[in-house]
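>>> from the sequence below, what's the structure:
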Amino acid sequence: MPPKAAAPKAQWHDEEVRGLVKFLYDHWGQAGDNSNFKSSTYHAAAEHITLLLKDGPPKTHVAVKNKWTGYIQKIYWDIKQYQAMQSGTHWDHQHGANVQGKDSEQVFKDFIRDHPLMHPFKTTGWEFYPLVEQIIP
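Presented below is the predicted three-dimensional model:
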């Protein structure tokens, strides 16, 4: 029996991620203690962002859950960990890590080695932080 063909990988565009985060924020009361949602919420979120689809197949509830747990939450926790570092770090929502100078460059470089999702936030904030912060206790 030949192996099953893999389903096409979901391609996420900024508008879809924005729509997902705003949807989950609007429904944050449905999140459990672990900041995850019931399957029905992921299904509703997938339907909600269908109108924002640019290309590729529509997002499934599984793709939505994976985006929330495997990407958005990870970025949030990486930022929290970066903020908790004692020296050589800075974080604000407008400029992100705001890396300036050799020392802070090295600290950031060392951090993103184990936290690659933080790379885009070297000098730019994460627009979703204020919303995600409300969802995740």
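>>> now do the residue nearest the centre of the chain against Gln83, distance only.
Geometric centre of the chain, nearest residue: Ile72, 1.7 Å, by Cα atoms, centre = their mean. Noted for Ile72: a distance of 17 Å to Gln83, by Cβ to Cβ, to the nearest Å. All C-beta atoms are positioned from the backbone trio N, CA, C, and that covers glycine.
>>> report the contact partners of Ser87.
By Cβ atoms under 8 Å, 6 or more residues apart in numbering, the contact list for Ser87 reads Val107.
>>> my read is it is in a strand, agree?
No - looking at Ser87 with DSSP: H, G, I helix; E, B strand; the rest coil, it is coil, so not inside a strand.
>>> tell me the pLDDT of it.
Here, the pLDDT recorded for Ser87 equals 74.
>>> for Ile135, same thing?
At Ile135, pLDDT is 93.
>>> checking Ile112 next. Helix, strand or coil?
helix.
>>> enumerate every residue touching it.
Ile112 touches 118-119, counting by Cβ under 8 Å, 6+ apart.
>>> touching, the residue nearest to the centre of the chain and Val21? I think so.
Yes - contact criterion Cβ atoms under 8 Å: Ile72 and Val21 qualify, at 6.6 Å.
>>> where do the contact lists of these two overlap?
128, 132.
>>> could I get the pLDDT score of the closest residue to Pro58 other than its chain neighbours?
With Cβ to Cβ, 6 or more residues apart in numbering as the criterion, Pro58 has its nearest non-adjacent residue at 5.3 Å, and that residue is Thr50. Note for Thr50: predicted pLDDT of 94.
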